[in-house]
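In: sequence isn't available, so here's the structure alone:
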Ligand SMILES: Cc1cc2nc3c(=O)[nH]c(=O)nc-3n(C[C@H](O)[C@H](O)[C@H](O)COP(=O)(O)OP(=O)(O)OC[C@H]3O[C@@H](n4cnc5c(N)ncnc54)[C@H](O)[C@@H]3O)c2cc1C
Ligand code: SF4
């Protein structure tokens, strides 16, 4: 049993000051990831600063028709909110595809963004792991990696980001707001994750001690017809083997605007820019959707035991974009 100090923050300044005074402390959201990691010894913070009572749980429509979602809103709050369902259905579907009802009732937006990888070696303190102990090695590259990355991994780490919600945020150009003891800041979600490189332990580009206060999704008309689909090894309560958040605007049979992001294929949600570029101005047909997926997947470098993700992602692109197109023309 390891002792740790627990403080409940009642305002943002107190929370960020406590982290500035004790850089090894951690913010506590729902605790559904952090407390599990403390039980197994992966995380050993000397102090937890509980942020759940901070007044950061509002979900509001912004002037441009987008959304601002507070960091302490629960995953259930997000999935059930009528404006989330109406304006960004892919986001509501992504959140509902994650964890279980009980977990979603306590898990927060901020905690979801910062949940750690589900690589089995990372969770096992008897194993080496560069993400947990820098320089100790990466047994997954030669070992168990059937659910690891196919894009942009390095010899130092091939872990994937586990969040479903984050895939929808990547598709719709979200920004993350935060506060430190020095004041507020904002980070585009495309810059939120650091490249894997040689230091997979340095995952997130937030400044030290930053409290996530919320996320902003800019208004996007096509998001109202967006979808999220997740493939996993059992029907519920499992992390993705591959997933997609997508939206499509078709005019006169031609793709006018498109957003595509994949989950479970990289250390971060993978925005499929090459596929989007390939589709703009092309006919909205299954053949073109497949060609766009191929344009993105040309950069994939699967490991020996996760090559199945390449056709899995291709099939997701074709089926989800076809469904959105058919629904729009009904
Ligand atoms: C069995 C199980 C199955 C799951 N399945 C899925 C799944 O399929 N898909 C999916 O996406 N997720 C899944 N999850 C993950 C779950 O959604 C996350 O555990 C949850 O979102 C984390 O939220 P939390 O508020 O509990 O975070 P916590 O555990 O409290 O915190 C996680 C991290 O975030 C930090 N943190 C929390 N809030 C803030 C803040 N405001 N600012 C800065 N740092 C902060 C903490 O310090 C910690 O490092 C699953 C979890 C479990 C236990
Ligand atoms: S893939 Fe990353 S998280 Fe998994 S063992 Fe290797 S370094 Fe650790």
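Out: Good, I have the coordinates. Quick caveat: nothing in here was measured; it's all calculated off a predicted structure. Ligands and ions are numbered 1, 2, ... in the order given.

In: what number of residues lie near whichever residue of the stretch 201-330 of the chain sits closest to ligand 1?
Out: Closest approach between the stretch 201-330 of the chain and ligand 1, counting by Cβ to the nearest ligand atom: residue 212, at 3.6 Å. (Each C-beta comes from the backbone N, C-alpha and C, glycine too.) By other Cβ atoms under 10 Å, 27 other residues sit near residue 212.

In: that's a strand at it, yeah?
Out: Yes - when classified by DSSP: H, G, I helix; E, B strand; the rest coil, residue 212 is found to be part of a strand.

In: I'd like to know how far it sits from ligand 2.
Out: 22 Å (Cβ to the nearest ligand atom, to the nearest Å).

In: now the closest residue to that residue other than its chain neighbours: which helix or strand?
Out: Excluding its sequence neighbours, the residue lying closest to residue 212 (Cβ to Cβ, 6 or more residues apart in numbering) is residue 110, at 3.9 Å. Using DSSP states H and E, the element containing residue 110 is helix 109-113.

In: now the one residue in the stretch 1-150 of the chain that gets nearest to ligand 1. Nearest residue, chain neighbours left out?
Out: Nearest residue of the stretch 1-150 of the chain to ligand 1, counting by Cβ to the nearest ligand atom: residue 111, 2.0 Å away. Leaving aside its chain neighbours, residue 111 sits nearest to residue 29 (3.1 Å; criterion: Cβ to Cβ, 6+ apart).

In: can you tell me which residues contact the one you found?
Out: By Cβ atoms under 8 Å, 6 or more residues apart in numbering, residue 29 lies in contact with 51, 52, 71, 72, 107, 108, 110, 111.

In: which residues touch the first one?
Out: By Cβ under 8 Å, 6+ apart, the contact list for residue 51 reads 9, 15, 27, 28, 29, 71, 72, 108, 110, 211.

In: what of the last one?
Out: Shown here is residue 111, whose contacts under the criterion Cβ under 8 Å, 6+ apart are 29, 30, 31, 32, 33, 34.

In: repeat for the fifth one
Out: Residue 107 sits next to 29, 30, 32, 33, 74, 75, 99 when contact means Cβ under 8 Å, 6+ apart.

In: and it, its phi and psi?
Out: Main-chain dihedrals, residue 107, degrees, to the nearest 10: phi -70, psi 140.

In: can you tell me the SS state at residue 3?
Out: coil.

In: got a pLDDT number for it?
Out: Confidence at residue 3, expressed as pLDDT, is 93.

In: and for it, the neighbour number?
Out: Residue 3: 5 surrounding residues under other Cβ under 10 Å.

In: please apply the same query to residue 188.
Out: Applying other Cβ under 10 Å, we find 11 residues neighbouring residue 188.

In: distance of the closest residue in space to it that isn't next to it in sequence relative to ligand 2?
Out: Counting by Cβ to Cβ, 6+ apart, residue 188 lies nearest to residue 175, which is 5.4 Å off, once chain neighbours are set aside. To ligand 2, residue 175 is 27 Å away according to Cβ to the nearest ligand atom.

In: which strand residues bridge residue 175?
Out: For residue 175, the beta-bridge partners under DSSP bridges are residue 188, residue 216.

In: and it, what does it touch?
Out: Shown in contact with residue 175 (Cβ under 8 Å, 6+ apart): 186, 187, 188, 189, 215, 216, 218.

In: just the buried ones from those?
Out: Buried residues within those, counting neighbours by 16 or more other Cβ atoms under 10 Å: 187, 189, 215, 216.

In: how much space between the second one and residue 102?
Out: Right, the one you point to is residue 189. To residue 102, residue 189 is 27 Å away according to Cβ to Cβ, to the nearest Å.

In: repeat for the first one
Out: Here the criterion is Cβ to Cβ. By it, residue 187 lies 31 Å from residue 102.

In: next one: the third one
Out: Here residue 215 is placed at a distance of 23 Å from residue 102 (Cβ to Cβ).

In: contacts only, for residue 140.
Out: By Cβ under 8 Å, 6+ apart, the contact list for residue 140 reads 119, 120, 121, 148, 157, 158, 159.

In: next: residue 119.
Out: Residue 119 neighbours (Cβ under 8 Å, 6+ apart): 129, 131, 140, 148, 159, 160.

In: just residue 274 next, same as before
Out: Each residue near residue 274 by Cβ under 8 Å, 6+ apart is listed here: 292, 295, 296, 298, 299.

In: for those, give me CSV that also has distance to residue 254.
Out: Listed next are the contacts of residue 274 as CSV, based on distance: Cβ to Cβ, whole Å:
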residue, distance to residue 254
292, 13
295, 17
296, 20
298, 23
299, 26
